[in-house]
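> Predicted coordinates and the sequence they were generated for:
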Amino acid sequence: MENQNPIHVFATWKVKEGQVENVLSLLKTVHDASIREEGNLFYKIHRSNSDLNTIVLFEGYSSEAAVAEHRNSSHFQEFVLGKIVPLLENREIILTTPISYL
């Protein structure tokens, strides 16, 4: 059965030397489209203080289905997979479910 709880995504991208500004420019488009998705809760872009070639994305979605919709969206397919991933040395993604205490 599909998880109906919110899903948080932590994505760490190690960007190829000299490509950070290009990636950040492309991410602006992805961010703007992503925050308009029905199941999006937030989309935050961070840059590492210790390694300026590392970008960390912190995203929130209302459910697993919303994550799937995001990954299947035209902006994710075109910009993230088509244009950004080739500019990365490494890409790690962790999906989490927030723990709520009563």
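Happy to help now that I have it.

> now stretch 10-17: mean pLDDT?
Across stretch 10-17, pLDDT averages out at 98.

> where along this structure do the helices fall?
20-34, 64-72, 74-75 (DSSP state H).

> between these, which one is nearest to Asn53?
helix 20-34 (5.8 Å; Cβ to Cβ). C-betas here are computed from N, CA, C, even on glycine.

> related to what we said a few turns ago, mean neighbour count and mean pLDDT for the helices of the chain - can I get that in TSV?
Output for the helices of the chain, formatted as TSV (neighbours: other Cβ atoms under 10 Å; pLDDT from 0 to 100):
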stretch	mean neighbour count	mean pLDDT
helix 20-34	16	98
helix 64-72	16	97
helix 74-75	12	97
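
> closest to Glu89 out of the ones you listed?
helix 20-34 (11.3 Å).

> what about the closest one, distance to the chain center?
10 Å (Cα atoms, centre = their mean, to the nearest Å).

> For Phe79, report the pLDDT, please.
Confidence score, pLDDT, at Phe79: 98.

> Thought Leu26 was touching Lys83, still the case?
Yes. Using Cβ atoms under 8 Å, Lys83 is in contact with Leu26, at 5.5 Å.

> if we can go back for a sec, right, and the helices of the chain - which one's nearest Phe58?
helix 20-34 (11.6 Å).

> contacting residues around the most centrally placed residue in the chain?
The centroid of the chain falls nearest to Leu57 when counting by Cα atoms, centre = their mean (4.8 Å). The contact partners of Leu57, taken as Cβ atoms under 8 Å, 6 or more residues apart in numbering, are 9-11, 13, 27, 43-46.

> Mind doing that once more with 7 Å?
9, 11, 45 (Cβ atoms under 7 Å, 6 or more residues apart in numbering).

> and what of Lys44?
Phe58.

> Check the spacing between it and Gln4 real quick.
23 Å (Cβ to Cβ, to the nearest Å).

> Ok, Phe79 next?
28 Å.

> can you pull up the bridge partners for the nearest residue to Trp13 once chain neighbours are set aside?
Take Trp13 and drop its neighbours on the chain: the residue closest to it by Cβ to Cβ, 6 or more residues apart in numbering is Ile55, 4.6 Å away. Note on Ile55: beta-bridge partners Trp13, Arg47, judged by DSSP bridges.
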